Structures are given as C-alpha cells and as structure tokens.
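# Mind folding the following:
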Amino acid sequence: MDESIGTNINGPSLIRVPDWLPNPLGRYYLYFAHHQGEYIRLAYADDLAGPWRIHRPGTLQLAQTPCRGHIASPDVHVDEANRRIMMYYHGPALPADVARQEAVTQRFPTLGGQRSFVATSEDGIHFTSGREILGSSYFRVFRWRDHVYALGMPGIFYRSRDGFTGFEQGPVLFDEHMRHTALLLRGDDLYVFYSRAGDCPERILVAHIHLTPDWMTWRASPPTVVLEPEREYEGGHLPLEPSRRGAIHEPARQLRDPAIFVDGERVILLYSVAGEQGIALAELQF
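Model (predicted):
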C-alpha cells in the first residue's frame, strides 16, 4: 500500500472518467479520505478489479478550502451538461462557540463545527471550492425532480435549486447513531445505505424511502442488513465489540463508509473494511 495515503482510509467515492476529461490517469477515479487528512486522496484504474494506483499529490487541498485541520468525506459527481466534476466534502469550519449556538448542533452535538461545502474541477484533480456552508457533515447528494437533495449526518435532508447555494433543511428520518451514508435513486424510490455508531458489529444497512412532492411526509423503512464483517480483510476474525464515533486507527471488526457506484446495469457497493483500514468493492444483486 502506498504510504502517502496514511493508515486511516475511508470515505470512498467512485466515478467512471468521462470521455471529455483531459489527460485521464485511468478509466475510473476513486476519491477517498483520511480523517485527519490535509487533502482528498485519489486512486485510479482501468478496471474495477484493479490494479489501483495512487495519485500521490491528491486532489482538493485543505489550504484551498474554508476548513481548518482536515477535509474528508468526498461525494463526487460527473456534471455532463457543464463538463465538470463536482465534489461535496466536509471539514471543521465553525469555531466551537459558534457551532454550539446553531440549532442543528444543539440537537445533534456530535456534529461539532464540521460542515459541508462543494468544489468543482475541469480535470478531476485540480478543484476550486465554494465558500458557502451547505449543511451538516457527510453530505450525499442526488437530483430528483426540481431540486438537488442532500442527506447529511445524522439523517438530515436538505435541498437546493442548483446544488451550490441556498440549501434548506428538511426532515430528519434517522436517529443520532447514523454515521456515513450512500444513496441509490431508482425512479421515485431512494435506497439509503448506512452504518451506525455503536452497532456490534458495525455493518452496512439499507433503508427505503418512497419520495413524494411533500418531503416532510417522507418516511424511512426499517433497515435491512446488507453486509457484515465476515472475511479476514473485513475484520471478521477480530473481537466482536460495539463501535464508537470518530476515526479509528487500528483494525476492528467493523464495516463503515458505504458508497454506491452504478456502472451500466451493475450496482457496486464500496465500503471501508476492518474499521478504516482499506476500501473494498462488492457487486449488489439489486
């Protein structure tokens, strides 16, 4: 493993490189993060099975953002209409005393001062970040009808007309234990893949939401287990213990950080293994 990416590996987001992207490194770009990282990582490959190589300089840099300390949790999208790559990400952006005054932090203290932003790129490597705070951390974004919607931690929905500005807060459909999420939209049905801090073991779940024009009436189904840590590289041989919030730097019997990638008819689930020791891919029969 390339030492440049560190020992905390999480937050995958995978795209197929569009034909119009200049000087592509490979057919697929896999963005990911380190919980104390000063830039968003990038791996690339010509085949999903690998080999994967690391672009050591990375992509979006902490110094190019409004955040302090680190940036993480990329959610990357190909904007075909405007021929650009969009990256939603988060980092510490508010001082503790300011964050404590916000209603969302008072309701969910674990959010602290971390907030989400969006950056754009013409080549998938060099990004320019916006300065506007969009919402809570761990933004996962999808377009449905006339709005761009986002799901932030822990289960807070937002929406905007353009995906860049004016995100308004809507319903909260999950509890405070929700951690990272991934979204799969099928018509008017949204499938939310996620994990929960405190589960024993932490594993990948999925819930279903039928979308209607009045988003305040949305309801999430009870979750179904998708994947548990069974194989050795997933931490399946390690002690069975409840997970905790925050970064983890040693192997554990946990699966975290789901991401969804649709490649034609294939639906690929990406997830962090053994806590945050690496990233694996699995094809869903969906």
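# Regarding residue 234, what are the backbone dihedral angles?
Main-chain torsions, residue 234, degrees, to the nearest 10: phi -90, psi 0.
# Kindly tell me how buried it is, as a neighbour count.
Residues lying near residue 234 (other C-beta atoms under 10 Å) number 25. For glycine as for every other residue, the C-beta is placed from the backbone atoms N, C-alpha and C.
# Skipping its backbone neighbours, what lies nearest it in space?
Spatial nearest neighbour of residue 234, excluding adjacent residues (C-beta to C-beta, 6 or more residues apart in numbering): residue 273 at 4.7 Å.
# pLDDT score for residue 1?
In this model, residue 1 is scored at 58, pLDDT.
# Equivalent analysis for residue 111, please.
pLDDT at residue 111 comes out at 89.
# Ok, residue 249 next?
pLDDT recorded at residue 249 is 87.
# Over to residue 169?
Note on residue 169: pLDDT of 97.
# That one against residue 108, yeah?
No - contact between residue 169 and residue 108 fails when scored by C-beta atoms under 8 Å: they sit 11.7 Å apart.
# wait, what's in contact with residue 209?
Residues in contact with residue 209 (C-beta atoms under 8 Å, 6 or more residues apart in numbering) are 173, 189-192, 218-221.
# Look at residue 79 and say how many residues are nearby.
Residue 79 has 12 neighbouring residues, counting by other C-beta under 10 Å.
# can you tell me how far the closest residue to it other than its chain neighbours sits from residue 135?
The shortest distance from residue 79 to any non-neighbouring residue, by C-beta to C-beta, 6+ apart, is to residue 86 (5.4 Å). Noted for residue 86: a distance of 15 Å to residue 135, by C-beta to C-beta, to the nearest Å.
# Could you check which of the two has the larger neighbour count?
The neighbour comparison of residue 86 against residue 135 (other C-beta under 10 Å) goes to residue 135, with 24 against 19.
# That one pairs with what?
Beta-bridge partners for residue 135, by DSSP bridges, are residue 116.
# quick one: it and residue 114, what's the gap?
According to C-beta to C-beta, residue 135 stands 11 Å off from residue 114.
# Residue 165 too?
Taken as C-beta to C-beta, the span from residue 165 to residue 114 is 20 Å.
# Mind checking the pLDDT average for stretch 40-56?
Summarised as a single mean, pLDDT over stretch 40-56 is 97.
# Regarding that stretch, how distant is the last residue from the first?
For stretch 40-56, the first-to-last residue distance is 10 Å (C-alpha to C-alpha, to the nearest Å).
# what's across from the residue nearest to residue 234 in the sheet?
Beta bridges link residue 273 to residue 278, judged by DSSP bridges.
# do you know how far it is from residue 202?
11 Å.
# Mutual contacts of the two, please.
Joint contacts of residue 273 and residue 202 (C-beta under 8 Å, 6+ apart) are 229, 255.
# So residue 4: helix, strand or coil?
helix (DSSP: H, G, I helix; E, B strand; the rest coil).
# How about the contacts made by it?
Here residue 4 is in contact with 54, 56 (C-beta under 8 Å, 6+ apart).
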